[in-house]
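Asks: need a structure here:
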Amino acid sequence: MMGIIRSSMYLVVLLASFSSLGNEMWRGLVVKEEHRCSPYDKKSQYPYPASVESAIVDSMGGQIYGPYTGTYYQSTSETDIEHIIAASEGHDSGLCAASPETRKAFATDLLNLTLASPAVNRCSSTGKCGLDAGEWLPPRNQCWFALRVIEIKTKYGLSVNPVEANTLESVINNCPSFEMVFYAPAGSAPTKYVTQSTGHALSLYDDNNNGRITCAEARNHGIAPVTAHDPAYAFMSD
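Replies: Coordinates of the predicted model:
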């Protein structure tokens, strides 16, 4: 009996950082199913000016680029303003109880904005529409996308459902980098561009949220030994 208990305890510890089903937390985010606690109307509750499009282009070095597919465009008339976490998903993940000011901040936050073609952005058989990361992942830049979802949900205190948490965990555990990759035309090497993002190593590996990453935390997340070229290196404390 004691052996069974010890084995069970070991299994719980092993899975703690993965699914957080015991304490309903995953990487600092509450794990629960989406719930619409108040009516939703995107136009009135999550407004954003057309001028954010220029800011998005500027954040990508002046290029009109769709990171989900690695596609370059000649004009923004070919793209939609895309919310990485859709307004409807954000609403059902906690913003349904937020103030109008918080909802507007979410809708206009560059951290949550990029460009995508209408075929990718809108509701269709292949479109992202209002799907979460457990239901849809981009064909390209999945590591950048996964980190952004975590950062945005952390910033606005949004929840994550179990399927979404497990999907994101699977992605980030296989990421050599979290920067946006600009895929070049055939025959050219892709480039990486650091877009607006802060402290992503901490959001991924600092389990106790103390602003440092310990060797134990690094081992738990499978990134040990941490070298000087690793994003986590600057935050190592022992």
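
Asks: what about the strands in this structure?
Replies: 25-26, 29-30, 65-66, 71-72, 80-83, 113-116, 180-182, 191-193 (DSSP state E).

Asks: mean confidence for the third one?
Replies: Same thing as strand 65-66. For strand 65-66, the mean per-residue pLDDT is 96.

Asks: and the nearest residue to residue 97 once chain neighbours are set aside, how many neighbours?
Replies: The shortest distance from residue 97 to any non-neighbouring residue, by CB to CB, 6 or more residues apart in numbering, is to residue 37 (5.5 Å). Every C-beta, even on glycine, is put in place using the N, C-alpha and C of the backbone. Per other CB atoms under 10 Å, the neighbour tally for residue 37 reads 11.

Asks: returning to what we had before: what's the closest of the strands of the chain to residue 46?
Replies: Nearest of the strands of the chain to residue 46, taken as CB to CB: strand 80-83 at 8.2 Å.

Asks: where's residue 210 relative to residue 183, distance?
Replies: Using CB to CB, to the nearest Å, we find residue 210 at a distance of 37 Å from residue 183.

Asks: ok, these two, which is more surrounded?
Replies: Taking other CB under 10 Å, residue 210 and residue 183 do not tie; residue 183 has more neighbours (17 against 12).

Asks: was I right about the more buried one contacting residue 66?
Replies: No. Residue 183 is beyond contact range of residue 66, at 10.0 Å (criterion: CB atoms under 8 Å).

Asks: which of the strands of the chain sits closest to residue 156?
Replies: strand 29-30 (10.5 Å).

Asks: direction included, what does that closest one pair against?
Replies: Next to strand 29-30 in the sheet, as set by DSSP bridges, lie strand 25-26 (antiparallel).

Asks: state the mean pLDDT of the strand it pairs with.
Replies: Strand 25-26 comes out at a mean pLDDT of 92.

Asks: now for residue 59, how many residues are close by?
Replies: With other CB under 10 Å as criterion, residue 59 counts 17.

Asks: and the pLDDT at the most centrally placed residue in the chain?
Replies: Taking CA atoms, centre = their mean, the centroid of the chain lies closest to residue 149, which sits 1.7 Å from it. On pLDDT, residue 149 comes in at 97.

Asks: check residue 214 too.
Replies: pLDDT for residue 214: 86.

Asks: same thing with the one 5 residues further on?
Replies: Listed pLDDT for residue 219 reads 80.

Asks: which positions in stretch 159-172 come out as buried?
Replies: Residues 159-162, 164-169, 171-172 are the ones in stretch 159-172 that count as buried (16 or more other CB atoms under 10 Å).

Asks: name the nearest of those residues relative to residue 28.
Replies: Once CB to CB is applied, the member of those that ends up nearest residue 28 is residue 160, at 10.0 Å.

Asks: what about the residue lying closest to residue 136 once chain neighbours are set aside, neighbour count?
Replies: Nearest-residue entry for residue 136: residue 128, 5.1 Å, with adjacent residues in sequence omitted and distances by CB to CB, 6+ apart. By the criterion of other CB under 10 Å, residue 128 has 23 neighbours.

Asks: pretty sure residue 128 sits against residue 86.
Replies: Yes. Using CB under 8 Å, residue 128 is in contact with residue 86, at 7.3 Å.

Asks: quick one on the thing from earlier: dump the residue contacts of the residue nearest to residue 136.
Replies: Applying CB atoms under 8 Å, 6 or more residues apart in numbering to residue 128 gives the contacts 68, 82, 86, 116, 120-121, 136, 138.

Asks: list just the nearest of the residues you listed to residue 102.
Replies: The closest of these to residue 102 turns out to be residue 86 (CB to CB; 16.2 Å).
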